[in-house]
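A.B. asks: what's the 3D shape of this:
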Amino acid sequence: MLAIMNEDLGQLNTEAIDSRFSKIDTLSTLDLLKLFNDSDKSVAEEVAKVLPKVAEAITEITKRMETGGRLIYIGAGTSGRLGVLDASECIPTFSLQDGLVIGLIAGGDTALRTGIEGAEDVLEGAIEDLKKIAFSKKDSLVGIAASGRTPYVVGALQYAKEVGAGSIALSCNLNSELSKHADIAIEVDTGAEILAGSTRLKAGTAQKLVLNMISTVSMINLGKTYGNLMVDLQVSNIKLRDRAIRIIQAATGCDVERAQIALKEAQDQVKIAIVMILLGISAQEAQSSLKSVKSRVRDAVKKPMNT
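C.D. replies: Next up, the predicted model:
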């Protein structure tokens, strides 16, 4: 703990003061936006360098979720908020049971709207938060910290190791403290920010890109899609009902009326509606067929999509 707190944070790339940006307050709005845009272009390039590590993490997460484990994101400040955001989006996008993907942030839910920055320095706080959700060896933990040294996140990864859970570190500095406590280390070297030390910028963008990949590809691996269609979405409003009908049409080639009827018979379960139409069977039969193949549409219909 003391070693983490006493290090020279000025040595971190994410804290560097880049002389190229020393006169941004003298630029026109348009020139400043161009500078931002040019700087952001490097983020995707840096993420590309760590794709093998991201793939390794997804393989571990998928394996654990297939046997009843959960995906837990944990972080502080911007990093924590991004984890909570990604976890929250998984429920409506993939019809996940509440609690299968969880985002934890130092300082609790209040910290989502109000900065409680001191909470990130409490290493033991993460352990308490993980115990509250009955974190276990079945689960995967993704510890997120742009600096790669946040005590709250280090504590979480240490606890994950202790209980035998999968541990993944996501940081934006090379050879980070965080990485030392993880089974898999993803280090996206985003470098200095236009606004020195403001890691909600490039570092935050890099983290969001990686989290998008982790959650989406894990869900694809778990059979939550059919091709590139969100066949497990929750039909909870007018927009999503319209999307569900269009998904059924795209998957089966049927007309709007047939898609609407099938969706109603399937009680708003898009997967069931698709299998019903493609196999010419009832909703009950489609449900049974999906259950036999772990709810994977492609396996249930035994043929590729018409694209």
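
A.B. asks: okay, now Gly166: neighbour count?
C.D. replies: Counted with other C-beta atoms under 10 Å, the neighbours of Gly166 add up to 23. In this view, the C-beta of every residue, glycine as well, is placed from N, C-alpha and C.

A.B. asks: the residue most central in space within the chain sits in which helix or strand?
C.D. replies: Central residue of the chain (C-alpha atoms, centre = their mean): Leu211, 3.3 Å from the mean position. Per DSSP states H and E: Leu211 is located in helix 202-221.

A.B. asks: buried residues, that helix. List them.
C.D. replies: Buried residues in helix 202-221, counted by 16 or more other C-beta atoms under 10 Å: 202-211, 213-221.

A.B. asks: elements contacting the following helix or strand past that helix?
C.D. replies: The first helix or strand that comes after helix 202-221 along the chain, using DSSP H and E, is helix 238-252. Secondary-structure packing of helix 238-252 (3 or more C-beta pairs under 8 Å, 6 or more residues apart in numbering; DSSP states H and E): helix 256-265, helix 270-279.

A.B. asks: so which of the ones you listed is nearest Thr150?
C.D. replies: helix 270-279 (39.6 Å; C-beta to C-beta).

A.B. asks: and the helix or strand following the closest one, what does it pack against?
C.D. replies: Heading C-terminal from helix 270-279, the first helix or strand you meet, by DSSP H and E, is helix 283-291. Counting contacts by 3+ C-beta pairs under 8 Å, 6+ apart, helix 283-291 packs against helix 270-279, helix 297-301.

A.B. asks: just the CA atoms of helix 283-291, as CSV, please.
C.D. replies: Extracted in CSV, the C-alpha atoms of helix 283-291 (Å, rounded to 0.1, in the frame of the first residue of the first chain):
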residue,chain,number,x,y,z
ALA,A,283,-43.5,-21.4,-29.9
GLN,A,284,-43.3,-24.3,-27.4
GLU,A,285,-41.3,-26.4,-29.8
ALA,A,286,-39.0,-23.6,-30.6
GLN,A,287,-38.4,-22.9,-27.0
SER,A,288,-37.6,-26.6,-26.4
SER,A,289,-35.2,-26.6,-29.4
LEU,A,290,-33.3,-23.6,-28.1
LYS,A,291,-33.1,-25.1,-24.6
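
A.B. asks: buried residues, it. List them.
C.D. replies: Ala283, Ala286, Gln287, Ser289, Leu290.

A.B. asks: export those to a markdown table and tack on pLDDT and distance to Thr59?
C.D. replies: Below are those laid out as a markdown table (pLDDT from 0 to 100; distance: C-beta to C-beta, whole Å):
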| residue | pLDDT | distance to Thr59 |
| --- | --- | --- |
| Ala283 | 96 | 34 |
| Ala286 | 96 | 30 |
| Gln287 | 95 | 30 |
| Ser289 | 94 | 28 |
| Leu290 | 95 | 24 |
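
A.B. asks: pick the one among those residues closest to Phe135.
C.D. replies: Nearest member of those to Phe135, counting by C-beta to C-beta, is Leu290, at 30.4 Å.

A.B. asks: distance of that closest one from Thr62?
C.D. replies: According to C-beta to C-beta, to the nearest Å, Leu290 and Thr62 sit 19 Å apart.

A.B. asks: just the pLDDT for the nearest residue to Arg200 once chain neighbours are set aside.
C.D. replies: In space, and not counting its chain neighbours, Arg200 is closest to Thr78: 4.3 Å by C-beta to C-beta, 6 or more residues apart in numbering. Here the pLDDT value assigned to Thr78 is 93.
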